[in-house]
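A.B. asks: how would this look folded up:
(one chain, ligands or ions: 1)
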Amino acid sequence: MSPEPVLAVTDLDVHYRRRQGRLHALRGVSLSVAPGETVGVIGETGSGKSTLARAVVGLVRPSAGRITVAGAEVTAFRARQWRALRRRGIVQYVFQDPLRSLDPDLTVEESLAEPLLIQGRPRREAVERVRAYLARVRLDEELLSRLPGELSGGQRQRVTIARALVTEPRVVILDEPVSALDAANRVKALELLTSLRDAGTALVFISHDLGSVAGVADRIAVLYRGEIVEDGPARAVVNTPRHAYTRLLVGSAPTLRSARADRASRRRLRALLRTEEGIRHDV
Ligand SMILES: Nc1ncnc2c1ncn2[C@@H]1O[C@H](COP(=O)(O)OP(=O)(O)OP(=O)(O)O)[C@@H](O)[C@H]1O
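C.D. replies: From the prediction side, this is the model:
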């Protein structure tokens, strides 16, 4: 029997109200993540990736569907209940833009210690843990007294990752988490994340770049215009993509071994994708 998912989204719909009318940003999205599993959610800009991430941490209210986190039905949670859930540190979200995740008036030490103190841990234990996690993301202790505005983009992103992980959450949603890091630090951050996965934390990597998650994800879900058009084991999605849009993503990810689609077939796929027919019938 497969373990109970730590995160389950069923038939999720999200609408945004805009001046030009309502936008149907997510359509019937279902996604399930098991403990210790790493899932990649891939899609081009505007496909709804951040909307999905924000919905599962209660920052966007769905118009239909269900969300369960660690076995608890949270769909109808009010803002106060979502805040309490986030504070318990069970589900954490690393934003695309680290400046949005860090309070500009808190030092690095205060930012990292805050979720631990909210969990009720003694200050001494919190301080020790903060130092341990700072070292795990390869940041020097001298940064502890700095404000986010006094850090480089890469340092800020590592502080954000450390802050999300310090509570040892059950699920971490990472929205383009390593894009601000250089190659060496990206490898370190990924190592840290995979060590958490080995300890049972589920990871959801969100990215527009299939190549950047193909090597770390167990499963890949492909989001296209607000719908999941493919969801399967990472290797199968990369080597034998079933949907036309996934084939286009594979073909345009130069780091993937199977990216051999020639220009002509890519053009053909693009043309097909422009028509609803191509999407519906999957070439
Ligand atoms: N607060 C909002 N109000 C209105 N429309 C929004 C809002 N947030 C996102 N959208 C729209 O919803 C759609 C999905 O946006 P979303 O940010 O989820 O896409 P994304 O796949 O994360 O894109 P990117 O890779 O560029 O971050 C887009 O058309 C976007 O313009």
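A.B. asks: where along the stretch 51-200 of the chain do the strands fall?
C.D. replies: Along the stretch 51-200 of the chain, the segments classed as strands by DSSP state E, counting those that start in this stretch run 64-69, 72-73, 91-94, 171-175.
A.B. asks: okay, now G200: neighbour count?
C.D. replies: Per other Cβ atoms under 10 Å, the neighbour tally for G200 reads 13. For the C-beta atoms, the positions are set from N, CA and C on the backbone; glycine is no exception.
A.B. asks: name the nearest residue to it, sequence neighbours excluded.
C.D. replies: The shortest distance from G200 to any residue other than its chain neighbours is 4.8 Å, reached at G36 (Cβ to Cβ, 6 or more residues apart in numbering).
A.B. asks: I'd like to know how many residues surround E110.
C.D. replies: 15.
A.B. asks: how far away is it from the ligand?
C.D. replies: Separation of E110 from the ligand (Cβ to the nearest ligand atom, to the nearest Å) stands at 29 Å.
A.B. asks: and for R197?
C.D. replies: Noted for R197: a distance of 23 Å to the ligand, by Cβ to the nearest ligand atom.
A.B. asks: worst average pLDDT in the strands of the stretch 51-200 of the chain?
C.D. replies: For those, mean pLDDT drops lowest on strand 91-94, to a mean of 84.
A.B. asks: and it, what does it pack onto?
C.D. replies: If contacts are counted by 3 or more Cβ pairs under 8 Å, 6 or more residues apart in numbering; DSSP states H and E, strand 91-94 sits against helix 49-56, helix 153-165, strand 171-175.
A.B. asks: right, and the residue nearest to G200 touches T201 too?
C.D. replies: Yes. If you go by Cβ atoms under 8 Å, G36 and T201 touch, sitting 7.1 Å apart.
A.B. asks: isn't V9 up against V39?
C.D. replies: No. Using Cβ under 8 Å, V9 is not in contact with V39; the gap is 11.0 Å.
A.B. asks: and for the two, which residues touch both?
C.D. replies: Residues within reach of V9 and of V39 at once, by Cβ atoms under 8 Å, 6 or more residues apart in numbering, are L31.
A.B. asks: who touches the closest residue to I118 other than its chain neighbours in this structure?
C.D. replies: Of all residues not flanking I118 in the chain, R87 sits nearest, at 4.9 Å (Cβ to Cβ, 6+ apart). Applying Cβ under 8 Å, 6+ apart to R87 gives the contacts 115, 118-119.
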